[in-house]
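Trainee: Could you look at this predicted model? Sequence included:
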Amino acid sequence: MATEGSYILGHSQTTSDFSQFSDTSSIGDTRQLVEEKDDGRPRSGMYVTSFNFINSIIGSGVIGVPFALRQAGFGLGILLIIGVALITDYSIFLLIEGGRLSNTHSYQDMVLVAFGRPGFYILTVLQFLYPFIAMVSYNVIIGDTITKIALWFSGEGDSMVHSILGNRQFIIFLSTLLVTLPLSLYRNISRLGKWALLSILLIFFILVGITVRLATFAKDIPATPNAWQFGNYNVTQAIAILAFAYMCHHNTFLIYQSLDNPTPKRWHIVTHGSIMFAAIMCVILGVVGYVSFTGLTQGDLMENYCHNDTLMNIVRLAFSITIMLTYPVECFVTREVIENAVFPSNPPTPFWRHMTVTLIIVFLTAAVSMSTDCLGIVLEFNGVLAAAPLAYIIPSLCVMRLRQEALFSRGNIGPILTATFGILVAIVGSILAIINAASGEGCSHGREMPYCLAKNNQSVFMNGSFSTTTMTSPIV
């Protein structure tokens, strides 16, 4: 196992490689968000840092975990939730080791030292792509859930159905303007700690609501064939969704540098505790969600619940708030990647540029999210195209390069296995994700599920608008 001493840069070649690029890469992920310890900026203790880390992990991906169980099979899916958590924990260890070996404080600078400009540009694209698509997925959830809540509030009348509040595109625009944009304008990630704690508390409420509905509503869900088989052929897609759910590598350096006195021991406690908490939440939510709907489970679990279900509409609201509070963490990373790539030698960032870049990112993600309502496809593509390389492939390759040991040395066994895992997920998962995207598998496109129509004869949501039939009393 690597020790603190093994992290120290001991190769002059690596040092010289970094100095070659120091003029253009000195502005890392942490430039505006976290400065040196004597700069007077706020830093976080272990608890607040853990809240931020957990909040960065438990985003929109967690709601797709039941769908991952459907894809992989119930038994194998549970094992994958635990297995991917362990691999993620190890890959975070590799990432921070790479930073120490290269004497750098950002993901981009670490890759720059290890692989030069080509590696830097590849990482820049991936590190922009992942949080950008994640923010798109957050807006997809917000648009779908808040629209249903607004129509639920309208009751039996048609006024809300035909108003702008029944339009998901308008809801996305409104939530962006009033909530996600103001939070994204923060310049220091440690200030999001209180919002991260609120987000985690709301996750507990969501789990309670889903569990209650398992006991009261699952009996009305029709059985599906092979619902309890141990394994299924869509394993790589399930891994892609889980990789997305656990993904936090793109902002690991930000959170690491926000920790007060970031010793290896304190950071390991934060990392292991955060990943363990996220894994427990994923197992509980995944099992409860899948047991509720088995073969009918959607990419967005909230789509499985009836539109007039009072409890689940409250849960939808709670989850929407959670997503809104997670969105700014991803925006921080996206903004810093742009700053590194476009303005590499102009510190510090002036307020006008901070504002301009943030506005472009936020409204661009809003525009893209208005074009799709299929969360499962978004999660799969982000998992295979961005999460797998960022989480498993690149950290492993960087550490092996920076260690300057023989490729198949004993110390490189772990990184080689981790990188191989990521490569297989990326290649096979991309192929299957394209096939499923073409067939529309796992996406209801906002339509009311058949079992809800059969039971309640209520509103049907199709293609962004509602056609209303007789509305019966809501489910409570």
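Mentor: Done, it's in.

Trainee: immediately after the longest helix belonging to the chain, which helix or strand?
Mentor: Identified as the longest helix of the chain according to DSSP state H is helix 107-153. Next in sequence after helix 107-153, counting helices and strands by DSSP states H and E, comes helix 168-175.

Trainee: Run through the residues that contact residue 333.
Mentor: 29, 127, 131, 250-251, 254 (Cβ atoms under 8 Å, 6 or more residues apart in numbering). No exception for glycine: its C-beta is placed from N, CA and C like everyone else's.

Trainee: Low-confidence stretches in the stretch 151-300 of the chain?
Mentor: 155-162, 189-190, 192 (pLDDT under 70).

Trainee: ranges for the helices of it?
Mentor: Assigned by DSSP state H, counting those that start in this stretch, the helices in the stretch 151-300 of the chain fall at 168-175, 181-184, 193-217, 235-246, 252-258, 264-293.

Trainee: I'd guessed residue 327 sits against residue 135; true?
Mentor: Yes. Using Cβ atoms under 8 Å, residue 327 is in contact with residue 135, at 5.9 Å.

Trainee: Show me which of those two is the more surrounded one.
Mentor: When residue 327 and residue 135 are compared for neighbours, residue 135 comes out ahead with 31 against 28, by other Cβ atoms under 10 Å.

Trainee: picking up where we left off before, any chance of the helices of the stretch 151-300 of the chain in JSON lines with distance to residue 67 and mean neighbour count as columns?
Mentor: Converted to JSON lines, the helices of the stretch 151-300 of the chain look like this (distance: least, Cβ to Cβ, whole Å; neighbours: other Cβ atoms under 10 Å):
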{"stretch": "helix 168-175", "distance to residue 67": "20", "mean neighbour count": "20"}
{"stretch": "helix 181-184", "distance to residue 67": "28", "mean neighbour count": "18"}
{"stretch": "helix 193-217", "distance to residue 67": "14", "mean neighbour count": "18"}
{"stretch": "helix 235-246", "distance to residue 67": "7", "mean neighbour count": "29"}
{"stretch": "helix 252-258", "distance to residue 67": "26", "mean neighbour count": "25"}
{"stretch": "helix 264-293", "distance to residue 67": "8", "mean neighbour count": "20"}
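
Trainee: got TSV for those helices, with distance to residue 119 too?
Mentor: Below are those laid out as TSV (distance: least, Cβ to Cβ, whole Å):
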stretch	distance to residue 119
helix 168-175	35
helix 181-184	28
helix 193-217	31
helix 235-246	21
helix 252-258	16
helix 264-293	24
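
Trainee: Minimum distance to residue 378: which of those has it?
Mentor: For these, the distance to residue 378 is smallest for helix 235-246, at 8.9 Å, taking Cβ to Cβ.

Trainee: Tell me the helices and strands packed up against the closest one.
Mentor: Other helices and strands packing on helix 235-246, by 3 or more Cβ pairs under 8 Å, 6 or more residues apart in numbering; DSSP states H and E, are helix 65-72, helix 74-101, helix 264-293, helix 375-382, helix 413-439.

Trainee: Would you mind finding the most buried of those helices?
Mentor: helix 65-72 (a mean of 29; mean count of other Cβ atoms under 10 Å).

Trainee: Quick one: list the elements packing against it.
Mentor: helix 74-101, helix 235-246, helix 264-293.

Trainee: so can I have TSV of those showing distance to residue 414?
Mentor: Listed next are the helices and strands packed on helix 65-72 as TSV, based on distance: least, Cβ to Cβ, whole Å:
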stretch	distance to residue 414
helix 74-101	7
helix 235-246	18
helix 264-293	16
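
Trainee: which residues touch the closest residue to residue 274 other than its chain neighbours?
Mentor: Nearest non-adjacent residue to residue 274, counting by Cβ to Cβ, 6 or more residues apart in numbering: residue 53, 4.1 Å away. By Cβ under 8 Å, 6+ apart, the residues touching residue 53 are 248, 255, 270-271, 274.
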